[in-house]
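Chemist: sequence? don't have it. structure:
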């Protein structure tokens, strides 16, 4: 549609005032891209008041990098054939094909200095002074684009930091599937983001003693990950699982120490944890928990037992001391530790995976090695989610006792 704006600028003082004070630059150009009319915003955009005394092309007036470097008007430089502005103006003139806010990123020479401008332009075919011409409205979005570039740069830095943080968190997980005589170990870890609030590990203190833990910090992302890493470092320290030397600390000792070290008032959060020790020589499992989902002991004969002995979560300031329990392990028994993300994440239908399905799958793998059990369970969880990004971290640690429990050792 052709807009008749003949003598608009000269004939209407009110519209003339609006044109000169609007934020967008406005110009009218002919088929040779020579400028016949403009507003003050156009002059301000390119600081071109000194060079607009006579009719000139857009490239000459604006200081287009191509026109300046080659000292040629619009349409005659080597870059004009690929110019998005020129192409749009031609289409508007010939085919009456208007353009709305099309991007134009280019260097312009302003006061002799090269300036990167981020522009958007709109075109319309009009009749001006009896001739068919092109109305061009130019919006300067340079500040917005520079802010976007700056934000993208900052986001890239954050992404790199998150990658580094994720690598650090991964380094605190077990190194592969640890090789421990009379034990088989397998695990999976799927954070809902790049980093998460779950962390776990298994440590062999000597040929007979193994300690393991799994914890889940409330929340997600960087704050939860920082607490998880701090708790992991604590567990590796003198008051943690390793007892500061070659002596493995008991689960109840560790739980009471970590409860003292991580009060809610100091960290403004809380976490659940399960802590275990295994005496390989005696075939004895000792465990205690703090608000964590009950681990599962899948006996070699197929009986599934939940290990639900636990106190309140860490951070709630329990007045009573944490305790522990001991039980005998038989060859083929499997211990499964997990976080609630495994059972509570929801698939596309909105249903949670659930503990019943979890227990059912465990029974399907009751006679399989723990590596197959953990791998099969993880596959089932991923299939249930059907590509849905989990909204909570998923951690899974399986330990199978393969040694012969010496029955003459008393518990």
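Modeler: Yes, it's here. These numbers come from a predicted model, not from an experiment.
Chemist: can you show me the strands along the stretch 301-411 of the chain?
Modeler: Under the criterion DSSP state E, counting those that start in this stretch, strands of the stretch 301-411 of the chain are mapped to 304-306, 325-328, 334-338, 394-401.
Chemist: for residue 160, which of the ones you listed is the nearest?
Modeler: strand 394-401 (24.9 Å; CB to CB). Where you see a C-beta, it was placed from the backbone N, CA and C, and this is true even at glycine.
Chemist: quick one: strands adjacent to the closest one?
Modeler: Next to strand 394-401 in the sheet, as set by DSSP bridges, lie strand 183-190 (antiparallel), strand 334-338 (antiparallel).
Chemist: out of those, deepest packed?
Modeler: strand 334-338 (a mean of 25; mean count of other CB atoms under 10 Å).
Chemist: from the chain's centroid, how far away is that strand?
Modeler: Offset of strand 334-338 from its chain centre (CA atoms, centre = their mean, to the nearest Å): 29 Å.
Chemist: same check on stretch 304-317?
Modeler: Stretch 304-317 has its C-alpha centroid displaced from the chain centroid by 31 Å (CA atoms, centre = their mean).
Chemist: same question for stretch 361-372.
Modeler: Centre-to-centre, stretch 361-372 and its host chain are 33 Å apart (CA atoms, centre = their mean).
Chemist: any idea of the mean pLDDT in that stretch?
Modeler: If you average the pLDDT over stretch 361-372, you get 93.
Chemist: mind listing what's buried in it?
Modeler: 361-362, 365-366, 369-370 (16 or more other CB atoms under 10 Å).
Chemist: same thing with stretch 76-87?
Modeler: Buried-residue list, stretch 76-87, by 16+ other CB under 10 Å: 77, 79-80, 83, 85-86.
Chemist: of those residues, just say which sits nearest to residue 259.
Modeler: For the buried residues of stretch 76-87, the residue nearest residue 259 by CB to CB is residue 85; the value is 67.9 Å.
Chemist: apart from its neighbours in sequence, what residue is nearest residue 378?
Modeler: Closest residue to residue 378 apart from its sequence neighbours, by CB to CB, 6 or more residues apart in numbering: residue 188 at 4.4 Å.
Chemist: who's that neighbour bridged to?
Modeler: With DSSP bridges as the rule, residue 188 is bridged to residue 396.
Chemist: now it: how far from residue 369?
Modeler: Distance, residue 188 to residue 369, by CB to CB, to the nearest Å: 15 Å.
Chemist: what would the buried residues of stretch 361-372 look like in CSV with distance to residue 298?
Modeler: Shown next, in CSV, are these (distance: CB to CB, whole Å):
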residue, distance to residue 298
361, 11
362, 6
365, 8
366, 6
369, 12
370, 9
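Chemist: now, those residues that are in helices?
Modeler: With helices taken from DSSP state H, the overlap with the buried residues of stretch 361-372 comprises 361-362, 370.
Chemist: ok, the residues you listed vs residue 200, which is closest?
Modeler: Minimum distance to residue 200 across those is 14.8 Å, recorded for residue 370 (CB to CB).
Chemist: wait, that closest one sits on residue 184?
Modeler: Yes: Residue 370 is within contact range of residue 184, at 5.0 Å (criterion: CB atoms under 8 Å).
Chemist: which neighbours do those two have in common?
Modeler: 399-400 (CB atoms under 8 Å, 6 or more residues apart in numbering).
Chemist: ok, back up a step: lowest average pLDDT across the strands paired with strand 394-401?
Modeler: Among these, strand 183-190 scores lowest, with a mean of 93.
Chemist: now do residue 194 against residue 166, distance only.
Modeler: From residue 194 across to residue 166, the span is 5 Å (CB to CB).
Chemist: save the strands paired with strand 394-401 as CSV, and put in distance to residue 378 too.
Modeler: Shown next, in CSV, are the strands paired with strand 394-401 (distance: least, CB to CB, whole Å):
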stretch, distance to residue 378
strand 183-190, 4
strand 334-338, 11
